[in-house]
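> got a sequence here, can you model it:
(one chain, ligands or ions: 2)
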Amino acid sequence: MSAHISAPAPVSAGSAPVSAGLAARASQVIVGGVNSPVRDFGSVGGTPRFFVKGRGAWVTCADGHDYVDLVAAWGPALLGHAHPDVIAAVQQAAAQGLGFGASHPLEAELAEEITARVPHAERLRFVSTGTEATMTAIRIARAATGRPLIVKFAGHYHGHSDGLLAAAGSGLATLGLPGSAGVTPETAGQTIVLPYNDLGALEEAFASHGDQIATVITEAAACNMGVVPPAAGFTAALTELCHRHGALVISDEVLTGFRSGPAGYWGVEQAATPDLVTFGKVVGGGLPLAAVGGRASLMELLAPMGPVYQGGTLSGNPVAVAAGLATLRGADDAAYARLAAASEQVQAMVSAALTEAGVAHVVQTAGTLFSVFFGRGEVSAAGAGAGAAGEPTLGTAAPVLDYATAQAQHTDRYRAFFTAMLENGVSLPPSPFEAWFVTAAHDEAALAHIRAALPAAAAAAAAVPAL
Ligand SMILES: Cc1ncc(COP(=O)(O)O)c(C=O)c1O
Ligand SMILES: NCC(=O)CCC(=O)O
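Ligands and ions are numbered 1, 2, ... in the order given. Next comes the predicted model:
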């Protein structure tokens, strides 16, 4: 950190009457005032901010306060908000027409860009959301194997299709929901939910139901209960076990894809190659676009080549494809280096501030993705050391390995920390069960702003009694 950056003037973003008014108005016509539950502030308290602008690392709320953003639109804004190249590509595409319901030249360009980074995505199909991508991957796996059952891990989130909502992370974890009402017992009964990072549990499931399991779907690194990377050897062993029993592996890289690193978490871990892979978020550069990919022989089960149906009026929309292509083309080595440096600096400064304030915590990473868990109990040096994947962790609390240990975190301390950060102009995910996101635009000024906010937030967390 260069010494010439002076601390910014104190911000008071604590009061947001315009956002409060917008929330009240929205709640009259939009359920809960939000179009996705993770935007609600129920678990952290306070007024959800209505944002009107984003530039680089910064977002501006309707009250005119600026915040350094550590949400990045839940991942897509890899290059920062409103990156000039992405905006130009979107404007150029939009000027030609918003969509034709027919093929257009940019689709293959984006597919080639993806395949060049992730060669096991030999064939791709573009859809509009990560939910559709995982839903389609499962349909392909069931068709390929002729088997009904799927295995997922507790605390993993794969979108909101019926069969994947059991013990899901993200908004369900935040709200403390075990699953979703409206899912039939028949559908729920086809999903086996296992503890993450527990090879023994997986072996038992295959021993009992091996010839009925179509696929194991796993986040490449779990990021929807906070960041919990796979334990060393877990992904490789999972893949071997699946293949021994004739089941397929779906690696869900909707969140980690092109963000953990240039080739997603697969590129970071280099452990095993999945049969099918899903992408979203970064691949659409901030517009609705996602993808399912995999071995050609599996992907060609999709209509019109094969018997598995999948479609979409907006699939491969030219404006969304243009945004994704400009984002991936801008995500070069230099951008990933900036992303990694910003990620490491935020991790280090948060951990230092919490340690200074005596708040037990652990920072966990999956490539450039990370999150901070607030531990129970007082600070103990014993907790620091190795994380699940054996990599060193920052912090003073025990590593989080699975959903049970993620659920044991001190959520009230996160709430206090979150609120103080927001009041001091830093926007964090409004839940302790989410990853934190930096962008390649998080420069020295943005990092200095975070650093200035930290002492008050760490003190606020410390003021909440240990559990
Ligand atoms: C790992 C993972 N899979 C799937 C999804 C679903 O994507 P979408 O919200 O675009 O439907 C998400 C979204 O958060 C995700 O993190
Ligand atoms: N990590 C959770 C998400 O990114 C979900 C976003 C949403 O459902 O709105």
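
> in contact with the closest residue to residue 433 other than its chain neighbours: list those residues for me.
Distances taken as Cβ to Cβ, 6 or more residues apart in numbering place residue 173 nearest to residue 433, at 4.0 Å, with adjacent residues excluded. All C-beta spots, glycine's among them, are computed from the backbone N, C-alpha and C. Contact partners of residue 173, counting by Cβ atoms under 8 Å, 6 or more residues apart in numbering, are 155, 157, 224, 225, 403, 406, 407, 431, 433.

> same check, this time on residue 257
Residue 257 is in contact with 118, 220, 264, 265, 277, 278, 279, 280, 281, 282, 283, counting by Cβ under 8 Å, 6+ apart.

> which residues are in contact with residue 219?
For residue 219, the contacting residues are 153, 156, 157, 158, 252, 255, 256, by Cβ under 8 Å, 6+ apart.

> which strands and helices sit next to the helix or strand harbouring residue 445?
Element membership for residue 445, per DSSP states H and E: helix 444-462. In terms of contacts (3 or more Cβ pairs under 8 Å, 6 or more residues apart in numbering; DSSP states H and E), helix 444-462 is packed against strand 66-69, helix 333-357, helix 411-423, strand 426-427.

> redo those as a markdown table? Include distance to ligand 2.
What follows is these, written out as a markdown table (distance: least, Cβ to the nearest ligand atom, whole Å):
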| stretch | distance to ligand 2 |
| --- | --- |
| strand 66-69 | 14 |
| helix 333-357 | 17 |
| helix 411-423 | 15 |
| strand 426-427 | 14 |
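
> now mean pLDDT and mean neighbour count too, for these, in JSON lines please.
Converted to JSON lines, the helices and strands packed on helix 444-462 look like this (pLDDT from 0 to 100; neighbours: other Cβ atoms under 10 Å):
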{"stretch": "strand 66-69", "mean pLDDT": "98", "mean neighbour count": "24"}
{"stretch": "helix 333-357", "mean pLDDT": "97", "mean neighbour count": "18"}
{"stretch": "helix 411-423", "mean pLDDT": "98", "mean neighbour count": "23"}
{"stretch": "strand 426-427", "mean pLDDT": "98", "mean neighbour count": "23"}
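
> save those as a markdown table, and put in distance to residue 57 too.
Compiled in a markdown table, these are given as follows (distance: least, Cβ to Cβ, whole Å):
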| stretch | distance to residue 57 |
| --- | --- |
| strand 66-69 | 6 |
| helix 333-357 | 8 |
| helix 411-423 | 14 |
| strand 426-427 | 10 |
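
> out of those, which is closest to residue 314?
Closest to residue 314 of those is strand 66-69 (Cβ to Cβ; 26.6 Å).

> what residues sit buried inside the next helix or strand after the closest one?
Later in the chain than strand 66-69, the nearest helix or strand by DSSP H and E is helix 84-95. For helix 84-95, a neighbour-count test (16 or more other Cβ atoms under 10 Å) marks 86, 89, 90, 93 as buried.

> so which residues of the stretch 51-200 of the chain form helices?
84-95, 106-117, 130-145, 171-175, 185-188, 199-209 (DSSP state H, counting those that start in this stretch).

> point out the most buried one among those helices.
Across the helices of the stretch 51-200 of the chain, averaging neighbours per residue (mean count of other Cβ atoms under 10 Å) puts helix 130-145 on top, at a mean of 24.

> other SSEs contacting it?
Under the contact definition 3+ Cβ pairs under 8 Å, 6+ apart, helix 130-145 sits against strand 123-127, strand 149-153, strand 213-219, strand 248-253, strand 276-279, strand 290-294, helix 296-299.

> okay, the nearest residue to residue 244 once chain neighbours are set aside: pLDDT?
Once flanking residues are discounted, residue 244 sits nearest to residue 206: 7.9 Å by Cβ to Cβ, 6+ apart. The model reports residue 206 with a pLDDT of 98.

> what does residue 3 give?
At residue 3, the pLDDT value in this model is 41.

> try residue 171
Per-residue pLDDT puts residue 171 at 89.

> same question for residue 390.
For residue 390, the model assigns a pLDDT of 55.

> likewise residue 398?
Value for residue 398, per-residue pLDDT: 89.

> on the three-state scheme, it is what?
coil (DSSP: H, G, I helix; E, B strand; the rest coil).

> show me what stretch 52-60 is in contact with.
51, 61-62, 66-69, 73, 77, 80-83, 427, 438-439, 441-443, 446.

> near ligand 2, which residues of the stretch 351-467 of the chain?
Where the stretch 351-467 of the chain comes near ligand 2, counting by Cβ under 6 Å from any ligand atom, the residues are residue 434.

> and if you look at the stretch 151-300 of the chain?
Counting by Cβ under 6 Å from any ligand atom, the stretch 151-300 of the chain comes close to ligand 2 at 157, 170, 171, 224.

> check the residues you listed and tell me the two furthest apart.
171 and 224 (8.9 Å).

> which one of the buried residues of helix 84-95 is nearest residue 112?
Residue 112 lies nearest to residue 89 out of the buried residues of helix 84-95, by Cβ to Cβ, at 16.1 Å.

> tell me how far the nearest residue to the closest one once chain neighbours are set aside lies from residue 320.
Sequence neighbours aside, residue 326 is the residue nearest to residue 89 in space, at 3.7 Å (criterion: Cβ to Cβ, 6+ apart). Going from residue 326 to residue 320 by Cβ to Cβ, to the nearest Å gives 11 Å.

> higher neighbour count, these two?
Between residue 326 and residue 320, counting by other Cβ atoms under 10 Å, residue 320 is the more crowded of the two (26 against 23).

> that one sits in which helix or strand?
Short version, using DSSP H and E: residue 320 is in helix 318-330.

> check which helices and strands that helix sits against.
Other helices and strands packing on helix 318-330, by 3+ Cβ pairs under 8 Å, 6+ apart, are helix 84-95, helix 106-117.

> if we use 10 Å, what do you get?
helix 84-95, helix 106-117, strand 123-127, strand 290-294 (3 or more Cβ pairs under 10 Å, 6 or more residues apart in numbering; DSSP states H and E).

> quick check: which of these is nearest to residue 333?
Nearest of these to residue 333, taken as Cβ to Cβ: helix 106-117 at 12.2 Å.

> can you give the contact residues for the closest one?
With Cβ atoms under 10 Å, 6 or more residues apart in numbering as the test, helix 106-117 has contacts from 89, 93, 121-126, 257-258, 261-264, 266-267, 277, 279, 283-285, 289, 291, 293, 315-329, 331.
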